[in-house]
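Q: Here is a sequence with its predicted model. Questions after.
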Amino acid sequence: MRAARAKEGVEIAPSILAADFTRLGEQIAELKQAGCTLLHVDVMDGHFVPNITIGLPVVASLRKATDLALDCHLMIAEPDRYVERFAEAGADMISVHQEAAPHLDRTLAAIRAAGAQAGVALNPATPVATLNEVLGTLDFVLVMSVNPGFSGQEFLPGALEKIRQLSEWRAAQGAGFRIEVDGGIGVKTIEPVVRAGADVVVAASAIFHTSNPRASFEQLRRAASLATATKV
């Protein structure tokens, strides 16, 4: 299992949900050359969220195609049935939704036992306090800054307070979990997210729905570095 705080600085995790799947291997290679270390993989089942997207075969294919870390965000009902299989397929990080995992501690233990980092995702209307009993055992928390299920939505500013709460709790308790943020991230929104305490920032449309995904990735990384350097 990779260490939860293995990376220095803020990681930009391109979400392949917005990628051109006819050129996916090429786009991943370009991002790696630009310094990308982590890919975000949005798994949707048509039940927990309306859309159906990527499943186990795609994750297994990605694992064969790249050595970049794979961050699998399971937006699915009954995640306990699948977490081990996603780890076996090659996921390095697996997050399940607090709202979909009634036996959350058991689910997280299964992810860790399978050799992946264990994380929990929170929908915009779900308070941080629902994680009080597991925060000390998590590798990362994924704060949703849009309602899950669709790419291209606008950033919900209420996520910033959640990031601050998590950052303050982490500092007070000396915890090691990373704070990840997903939804509506672009050049204008990445700075406040990083200043609030985010360690991993997921970007989809802001990278892949541009004329030059590599340049867009680099622009976001520079913006994140500047925000980190000027934190008060």
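A: Structure received.
Q: Name the residues that touch stretch 100-117?
A: Residues outside stretch 100-117 that contact it (Cβ atoms under 8 Å, 6 or more residues apart in numbering) are 1-2, 4, 48, 75-80, 83-84, 86-88, 91-94, 96, 98, 118, 120, 133-134, 137-140. Just so you know, the C-beta spots here come from the backbone N, C-alpha and C atoms, and that holds for glycine as well.
Q: So which of those belong to helices?
A: Judged by DSSP state H, the subset of those located in helices is 83-84, 86-88.
Q: any idea which of these is the one closest to residue 186?
A: Comparing the ones in helices among the contacts of stretch 100-117 against residue 186 with Cβ to Cβ picks out residue 86 as the nearest, at 28.3 Å.
Q: what's the spacing between that closest one and residue 127?
A: When distances are taken as Cβ to Cβ, to the nearest Å, residue 86 and residue 127 turn out to be 27 Å apart.
Q: For stretch 152-166, measure first residue to last.
A: Its start and end residues considered, stretch 152-166 measures 25 Å (Cα to Cα, to the nearest Å).
Q: Can you mark which positions in it are buried?
A: Of the residues in stretch 152-166, those scored as buried under the neighbour-count criterion (16 or more other Cβ atoms under 10 Å) are 155-156, 159-160, 162-163, 165-166.
Q: starting at the chain centroid, how far to it?
A: 14 Å (Cα atoms, centre = their mean, to the nearest Å).
Q: Now do that stretch: everything it contacts.
A: Residues beyond stretch 152-166 that count as contacts (Cβ under 8 Å, 6+ apart) turn out to be 18, 122, 124, 127-128, 135, 141, 143-147, 177, 179, 181, 183-186, 189, 192-193, 196-198, 204-205, 209.
Q: Can I get the buried part of the contacts of stretch 100-117 as one ChimeraX selection?
A: Buried subset of the contacts of stretch 100-117, written as a ChimeraX selection, criterion 16+ other Cβ under 10 Å:
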select :4,48,75,76,77,79,80,83,84,86,87,91,92,93,94,96,98,118,120,134,138,139,140
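Q: Which ones among the contacts of stretch 100-117 lie within strands?
A: Among the contacts of stretch 100-117, DSSP state E puts 75, 93-94, 96, 118, 120, 140 in strands.
Q: All the strands of the chain, in order from the start?
A: Under the criterion DSSP E, the chain contains strands at 11-14, 38-44, 69-75, 93-97, 117-122, 140-144, 178-182, 200-203.
Q: Tell me the helices and strands packed up against the fourth one.
A: Helices and strands in packing contact with strand 93-97 are listed as strand 69-75, helix 83-89, helix 104-113, strand 117-122, strand 140-144; criterion 3 or more Cβ pairs under 8 Å, 6 or more residues apart in numbering; DSSP states H and E.
Q: now the last one
A: Helices and strands touching strand 200-203, as assessed by 3+ Cβ pairs under 8 Å, 6+ apart, comprise strand 11-14, strand 178-182, helix 187-196, helix 213-229.
Q: which parts of the last one are buried?
A: The one in question is helix 213-229. Residues 213-214, 216-221, 223-224, 227-228 are the ones in helix 213-229 that count as buried (16+ other Cβ under 10 Å).
Q: what angle do it and helix 187-196 make?
A: What separates the directions of helix 213-229 and helix 187-196 is an angle of 40 degrees, with axes from the mean of the first three to the mean of the last three Cα atoms, to 10 degrees.
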